[in-house]
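S.K.: Below are the sequence and a predicted model; questions follow.
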Amino acid sequence: MYTTWAIFGRCWGIGLVPYILIRGGPAERCGAVIYALGWAATVIFQSREGNGPGIWVFLIDILVMIAYVVLSAKTRKIWTLFAAAFALAAVLCHIAGYLGKVNVVTYVTGITLWGGYGLKVALTGGMIALELDRYRQWRLNRKPDRLLQP
């Protein structure tokens, strides 16, 4: 059963990743590839037993977290730090779910919030920053208008 939030999140991800792959810089493209591979692997390996995503998704989220930490250390862009933090929060939600401290709905909601929407917000913020930087560079390099000259 898909809710509005699930449909919105899926459409956001499907639209965001190709946009980043076309318009993004090296760090943004690498972040989008990490996100897309993690998303695809999650869909393939998730548990369908009704008791949470399963151990394979936990391992996938750990790998995604490590990849974003390495990306953040190499690129030193602020959005990569947020992506690494959101991925860490998703891993911590997995740990809380496996310890039995939360019910399944809370467990899945936390993973979706941090590992899904959080990473999309970080990737979107990275693209907004990149596009604003490109716009600033374009404004500095363009020729002045004839109407502005005395």
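M.R.: Yep, it's here. Residues are numbered from 1 along each chain as shown.
S.K.: tally of neighbours for Val70?
M.R.: Using other Cβ atoms under 10 Å as the criterion, Val70 is surrounded by 14 other residues. (C-beta placed from N, C-alpha, C; glycine too.)
S.K.: got the buried residues for the helix or strand encompassing Leu132?
M.R.: For Leu132, the host element (DSSP states H and E) is helix 119-141. Residues Leu119, Lys120, Ala122, Leu123, Gly126, Met127, Leu130 are the ones in helix 119-141 that count as buried (16 or more other Cβ atoms under 10 Å).
S.K.: Compile those into JSON lines and extend it with columns for distance to Ala36 and pLDDT.
M.R.: As requested, those are exported to JSON lines (distance: Cβ to Cβ, whole Å; pLDDT from 0 to 100):
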{"residue": "Leu119", "distance to Ala36": "11", "pLDDT": "94"}
{"residue": "Lys120", "distance to Ala36": "11", "pLDDT": "95"}
{"residue": "Ala122", "distance to Ala36": "14", "pLDDT": "96"}
{"residue": "Leu123", "distance to Ala36": "10", "pLDDT": "95"}
{"residue": "Gly126", "distance to Ala36": "15", "pLDDT": "95"}
{"residue": "Met127", "distance to Ala36": "14", "pLDDT": "95"}
{"residue": "Leu130", "distance to Ala36": "18", "pLDDT": "94"}
